[in-house]
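S.K.: Can you look at this prediction? I've put the sequence above it.
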Amino acid sequence: MKEIQDLINCLNVQKNIVITSHRNPDGDAIGSCLALKSVLDAHLHVVNVVVPSDFPDDLSWLHGSGEIYVYDREQDKSLELIKSAEVIFCLDYNSLERVDKIGEAIRVSDATKVMIDHHLYPDGFADVLISEPEISSTCELLYEVFKGAGWLSAITIHGLEALLVGMITDTGSFKYSISPNTFKNAGEIISQGGDIAHVQDMLYNHMPEKSLRLLGHCLSNRMNIYPDRKAGLIYLSKKDYMDFNIQRGDTEGIVNYLLRLDIVNVAGFISEQPSIVKVSLRSKGDFSVEKMAKEYFRGGGHKNASGGALYSSLKTVISTFEEATEKYKTEIINSY
């Protein structure tokens with residue numbers, strides 16, 4: 001692949017490198033950043049990771065997570081690192097709008113910009129573009145890059161675990177957005193020492209009490225089912241966020257519980273933030289929630305997992321979800 005050779009060429013001497021990912025970074029974002037950092041560290045580059053906003057506490061066990069610079073907390077240092085970088089990696093995002101205020105710093109930087117991402121429709125700001133929308137996660141794509149570049153021997157055990165975190169979280173524990181190659185790559189990572197049992201344990205068996213109580217509240221009091229169109233919705237208000245002291249990452253995965261119902265083929269999770277209402281969409285089968293996210297919620301993503309946001313009231317966004325699922329009712333019913 002020409003792009004991988006371009007990547008090798010731009011790293012042929014020691015460089016000052018900054019790795020970035022999107023706002024509200026998830027397991028794939030943090031996992032890919034830390035896995036790449038471990039490989040670049042082994043090649044003796046000077047490497048820092050900068051993200052726009054905080055990541056969930058349940059990823060803080062990952063080796064190296066404490067060294068990540070969060071722009072919201074360390075603005076001057078974050079901008080200084082980006083300004084002095086010779087190479088900037090853009091992982092798990094394909095538009096500078098996805099990185100908020102550090103986007104402008106990246107845009108005006110003279111550094112070589114390398115995008116490694118698996119989302120549809122990448123913007124053209126990167127000098128080296130490695131984009132594979134059909135692949136499960138940026139972590140899986142990054143592993144393919146490591147193989148293509150001949151860097152597998154540089155991956156540490158911690159780096160392998162970080163790759164598994166991204167693959168597991170972005171596929172819902174290998175339930176969607178997968179291919180035979182996903183399992184092949186996961187198997188290779190495990191055979192090289194990645195402890196998938198440990199990763200699964202750290203991701204799913206260390207839930208704080210409030211998270212389980214929040215899940216109960218969502219399922220008992222904030223769940224709407226639309227059996228006539230095989231859709232389901234969970235929503236949270238700003239008051240819910242205050243009552244349960246919801247922090248970043250606490251609602252991760254809640255939307256997937258709806259898909260366990262045999263009468264739900266499309267699921268939505270709507271959360272009322274201080275100035276915006278966010279929407280997460282999931283589906284099983286052949287229905288593409290990506291087109292729904294793009295048409296109704298100014299968003300995008302993947303066939304079975306997408307998201308968006310609107311500057312509207314919670315009530316209005318719920319109505320928009322109902323309107324969207326009504327429009328695509330026949331497709332949704334016949335999709336699975």
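M.R.: Nice, I can see it. Residues are numbered from 1 along each chain as shown.
S.K.: Please count neighbours and contacts with C-alpha atoms only from this point.
M.R.: Fine.
S.K.: ok, now which ones touch Ile333?
M.R.: By C-alpha atoms under 8 Å, 6 or more residues apart in numbering, Ile333 lies in contact with Arg229, Lys230, Asn265.
S.K.: Ser60 too?
M.R.: Gly66.
S.K.: ok, now Ala309?
M.R.: Neighbours of Ala309 in contact, by C-alpha under 8 Å, 6+ apart: Ile276, Val277, Lys278, Val279, Phe297, Arg298, Gly299.
S.K.: Then Lys238?
M.R.: Lys238 makes contact with Ser271, Glu272, Gln273, Pro274, according to C-alpha under 8 Å, 6+ apart.
S.K.: The residue lying closest to the second one once chain neighbours are set aside and Ala126, how far apart?
M.R.: Nearest residue to Glu272, sequence neighbours excluded (C-alpha to C-alpha, 6 or more residues apart in numbering): Ser237, at 5.0 Å. Distance, Ser237 to Ala126, by C-alpha to C-alpha, to the nearest Å: 38 Å.
S.K.: Grab the nearest non-local neighbour of Leu59.
M.R.: The shortest distance from Leu59 to any non-neighbouring residue, by C-alpha to C-alpha, 6+ apart, is to Gly27 (7.0 Å).
S.K.: pretty sure the one you found contacts Asp170?
M.R.: Yes: applying C-alpha atoms under 8 Å, one finds Gly27 in contact with Asp170, separated by 7.3 Å.
S.K.: how distant is stretch 315-334 from the center of its chain?
M.R.: 24 Å (C-alpha atoms, centre = their mean, to the nearest Å).
S.K.: Average pLDDT for it, rounded please.
M.R.: The average pLDDT within stretch 315-334 is 98.
S.K.: which parts of it are buried?
M.R.: Neighbour-count burial for stretch 315-334 flags Val317, Ile318, Phe321, Glu322, Ala324, Thr325, Glu326, Lys329, Ile332, Ile333 (criterion: 16 or more other C-alpha atoms under 10 Å).
S.K.: dump the residue contacts of the first one.
M.R.: Put plainly, it is Val317. Contact partners of Val317, counting by C-alpha under 8 Å, 6+ apart, are Ile270, Val277, Leu310.
S.K.: how about the helices in the chain?
M.R.: With DSSP state H as the criterion, the chain has helices at 2-10, 27-42, 75-84, 102-108, 138-149, 157-170, 180-191, 196-204, 209-221, 238-243, 289-296, 314-327, 329-333.
S.K.: Filter the contacts of Lys238 down to the buried ones.
M.R.: Buried members of the contacts of Lys238, counted by 16+ other C-alpha under 10 Å: Ser271, Glu272, Gln273.
S.K.: pLDDT at the residue nearest to Leu59, what is it?
M.R.: 96.
S.K.: what about it, how many neighbours?
M.R.: Neighbourhood size, Gly27 [other C-alpha atoms under 10 Å]: 26.
S.K.: dump the residue contacts of it.
M.R.: Per C-alpha under 8 Å, 6+ apart, neighbours of Gly27: Leu59, Val165, Gly166, Thr169, Asp170.
S.K.: Looking at these, spot the one nearest Cys10.
M.R.: Closest approach to Cys10 among the contacts of Gly27 (C-alpha to C-alpha): Gly166, at 25.6 Å.
S.K.: any weak-confidence spans in the chain?
M.R.: For the chain, applying pLDDT under 70 flags no range at all.
S.K.: the domain parsing of it - what is it?
M.R.: Listed by automatic domain parsing, the domain ranges of the chain are 2-204, 209-333.
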